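Visitor: Just need the structure, nothing else, for what follows:
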Amino acid sequence: MDTYLTVKEAATVMRVHTQTVYRFVWAGRLPRIDIGQGKSRPRFRVRESAVHALMQERERGKAI
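Guide: Reported below is the predicted structural model:
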């Protein structure tokens, strides 16, 4: 079973700013799972496995 992370948790795992996680999501590089509507934007989670896959892809030199 996969773990779902908040943007803040994903940023901590990736050791980046939360805005960087949002950029990956909005660019389609990091798939999201919508969980509802927040006050100013949709609420969503990202799979921990997708975060690790993105990090491995970037580690191999396949930058965006």
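Visitor: Now do the least confident helix or strand in the chain by mean pLDDT: which elements does it pack against?
Guide: One helix or strand of the chain scores below all others by mean pLDDT, DSSP states H and E: strand 33-37, with a mean of 86. Using 3 or more Cβ pairs under 8 Å, 6 or more residues apart in numbering; DSSP states H and E, the elements in contact with strand 33-37 are strand 42-47. Yep, even glycine has a C-beta here, placed from its N, CA and C like the rest.
Visitor: For the strand it packs on, give the mean pLDDT please.
Guide: What strand 42-47 shows for mean pLDDT is 88.
Visitor: which outside residues touch it?
Guide: By Cβ atoms under 8 Å, 6 or more residues apart in numbering, the residues outside strand 42-47 that reach it are 2-7, 10, 21, 25, 30-37.
Visitor: Tell me the backbone dihedrals of the residue located most distally from the centre of the chain, please.
Guide: What lies farthest from the middle of the chain is Lys39; by Cα atoms, centre = their mean that is 19.8 Å. Backbone torsions of Lys39, given as degrees, to the nearest 10, read phi -70, psi -40.
Visitor: any idea how far Gln19 lies from Met1?
Guide: From Gln19 across to Met1, the span is 29 Å (Cβ to Cβ, to the nearest Å).
Visitor: more neighbours, these two?
Guide: Neighbours were counted for Gln19 and for Met1 using other Cβ atoms under 10 Å; Gln19 has more, 10 against 3.
Visitor: So which elements touch the helix or strand where that one lies?
Guide: If you go by DSSP states H and E, Gln19 is part of helix 18-26. Counting contacts by 3+ Cβ pairs under 8 Å, 6+ apart, helix 18-26 packs against helix 7-14, strand 42-47.
Visitor: Please name whichever of these is nearest to Arg60.
Guide: Closest approach to Arg60 among the helices and strands packed on helix 18-26 (Cβ to Cβ): helix 7-14, 15.5 Å.
Visitor: and the angle from that closest one to strand 42-47?
Guide: Angle of helix 7-14 versus strand 42-47, following axes from the mean of the first three to the mean of the last three Cα atoms, to 10 degrees, is 30 degrees.
Visitor: Name the surrounding residues that touch helix 7-14.
Guide: Contacts for helix 7-14 (Cβ under 8 Å, 6+ apart): 5, 17-18, 20-22, 25, 30, 44, 46, 48, 51-52, 54-55.
Visitor: Many thanks, have a good one.
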